[in-house]
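Novice: no sequence for this one, just the structure:
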Ligand SMILES: O=c1ccn([C@@H]2O[C@H](COP(=O)(O)O)[C@@H](O)[C@H]2O)c(=O)[nH]1
């Protein structure tokens, strides 16, 4: 079960440490990897990272950096010093920005003699549907743009990308099996979509080639979060 458990990342989209403690305690040994995003990090800062580290959990710090190369590189160095397992940038920041972040993460981790966090790039948000995409006036289709950004991230030296499970197979074909694919937009059959658009079930996401599944509300907003997480893990295990 461990191999499957390490591939489920639960999004802690809450605002207080009380909620974090309650969820992590309820989920217990079912979940070993958590995603800390803007809502939680901007509310409580380091306290949640310290708590998760002491609980023996891995952390994906999802702050989606997007700025000029020097600013993102320095930000990536700061996040590397926090000792988390994964951090990210927006691929639309371009190759120079991504290369600068890759170099700075490696340099910082080496100088501190700590493991280097995985550095990944966000492609096209999973909430974006065709109508919303059209409003951005991009000439490419969503799948073409996702694959383009994934190739660019790989060439810049990043470890992987965030994308919808619907694009996972195309990314795997274009970038190979060692390039990590992290997929939010995961919804068990019949679950509420909330604001997600390009979704797939946990089983379909894995079959399409996703390495890690990010799941938030289907677990954290469930009546019984542990039962919901175990059901997802069982579906992953069967897939
Ligand atoms: O394209 C993206 C990038 C990031 N996310 C994040 O994943 C979780 C998904 O939460 P759910 O409650 O399962 O919808 C959330 O923290 C997003 O910020 C994403 O959904 N799509």
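Specialist: It's in. These numbers come from a predicted model, not from an experiment.
Novice: not counting the longest strand along the chain itself, show me its contacts.
Specialist: Ordering each strand of the chain by length in residues (DSSP state E) puts strand 58-65 first. By C-beta atoms under 8 Å, 6 or more residues apart in numbering, the residues outside strand 58-65 that reach it are 6, 9, 11, 32-38, 41, 49, 52-53, 72, 75-76, 79, 82, 84-90, 93, 101, 117, 122, 182, 212, 214. (Glycine included, C-beta is placed from N, CA and C.)
Novice: now that strand: buried residues?
Specialist: 58, 59, 60, 61, 62, 63, 65 (16 or more other C-beta atoms under 10 Å).
Novice: hmm, back to that, just the buried subset of the contacts of strand 58-65, please.
Specialist: Buried among the contacts of strand 58-65 by 16+ other C-beta under 10 Å: 9, 11, 32-37, 41, 49, 52, 72, 75-76, 79, 82, 84-90, 93, 101, 117, 122, 182, 212, 214.
Novice: near the ligand too, which of those residues?
Specialist: Checking these against the ligand by C-beta under 6 Å from any ligand atom, the ones in range are 11, 35, 37, 122, 214.
Novice: quick one: which two of those residues are the most distant?
Specialist: Spanning the widest gap among these are 11 and 122, at 13.8 Å by C-beta to C-beta.
Novice: helices or strands up against the strand or helix carrying residue 73?
Specialist: Per DSSP states H and E: residue 73 is located in helix 69-81. Identification of packing neighbours for helix 69-81 by 3 or more C-beta pairs under 8 Å, 6 or more residues apart in numbering; DSSP states H and E yields strand 58-65, strand 86-90, helix 95-112.
Novice: following the chain onward from the last one, which element is next?
Specialist: Going down the chain from helix 95-112, the next helix or strand is strand 118-122, by DSSP H and E.
Novice: what's the average pLDDT for the very next helix or strand once past that next one?
Specialist: Per DSSP H and E, the first helix or strand lying C-terminal to strand 118-122 is helix 130-135. Averaging pLDDT along helix 130-135 yields 97.
Novice: if we can go back for a sec, let me have the buried residues of strand 58-65 in CSV, adding distance to the ligand and pLDDT as columns.
Specialist: Shown next, in CSV, are the buried residues of strand 58-65 (distance: C-beta to the nearest ligand atom, whole Å; pLDDT from 0 to 100):
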residue, distance to the ligand, pLDDT
58, 16, 98
59, 13, 98
60, 10, 99
61, 12, 99
62, 6, 99
63, 10, 98
65, 13, 98
